[in-house]
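A.B. asks: test case, fold it:
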Amino acid sequence: MSRTQIPKKAGVATLAAAAAALGLAGAPATAAPHGQAYYDYARVVDVQPVYRTVRIPRDERECWDERVAYRDGHGGSDSYTPVIVGGIIGGVVGSHIGKGRGRDAATVAGTLLGASIGRDVARSSGGYEDVHYTTETRCRVRKVYDEEERLDGYRVTYRYRGRTFVTRMPYEPGRRIRVRVRVTPVLD
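C.D. replies: Alright, predicted model coming up:
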């Protein structure tokens, strides 16, 4: 017999011993000492994608045509003549009132009062206003939101030792998932 040949009985016994040592002989997962966890696999029975709605902001430009009025004023409001003439007349009238230093004060007061009256008269009469209309495009930017469905994970239903459990996972797990099992005795 050569060194590479193993007798059939010895080969089967060796494989059986190795399988038992590794826990591959079909036995359930090995038990852990009190309060410790071990890992096993559970069969996945259902997977449902879970979606969430996301609002995505974006700027949208909104434009419209609008009728606009323009006014052109002509006449007395553009001229300083009424103010000057009113000031002169007020100064002359004021200089005829009072004596000495009172006359000087009356002249200054008459000048100011006459100028103010001249300005008011010019604004209220003698001018005219043209109004013409044009159409202008007005725009504004406003925030709008688009809604989009995004995959948020998976609702996974799995069975372990005859019981059904549900969990949520960030990826699709396949036909089985790894589970952590913790066994603790109940002391009555």
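
A.B. asks: could you list the low-pLDDT ranges of this protein?
C.D. replies: 1-35, 73-78, 98, 124-129 (pLDDT under 70).

A.B. asks: packing partners for the strand ranked longest in it?
C.D. replies: When the chain is parsed with DSSP state E, its longest strand is strand 37-74. The contact analysis (3 or more CB pairs under 8 Å, 6 or more residues apart in numbering; DSSP states H and E) places strand 37-74 against strand 128-160, strand 163-169, strand 176-182. For glycine as for every other residue, the C-beta is placed from the backbone atoms N, C-alpha and C.

A.B. asks: which strands and helices lie in contact with the longest helix along the chain?
C.D. replies: When the chain is parsed with DSSP state H, its longest helix is helix 101-124. Packing partners of helix 101-124 (3+ CB pairs under 8 Å, 6+ apart): helix 81-95.

A.B. asks: sheet-wise, list the partners of the longest strand of the chain with their directions.
C.D. replies: strand 128-160 (antiparallel), strand 176-182 (antiparallel) (DSSP bridges).

A.B. asks: distance from the chain centre to it, please.
C.D. replies: Centroid separation for strand 37-74 versus its chain: 9 Å, with CA atoms, centre = their mean, to the nearest Å.

A.B. asks: which stretch among the strands paired with strand 37-74 comes nearest Q36?
C.D. replies: Evaluated with CB to CB, the strands paired with strand 37-74 place strand 176-182 nearest to Q36, the distance being 7.3 Å.

A.B. asks: now what about that closest one, what contacts it?
C.D. replies: Identification of contacts with strand 176-182 by CB atoms under 8 Å, 6 or more residues apart in numbering yields 29, 32, 35-44, 156, 158, 160, 167, 169.
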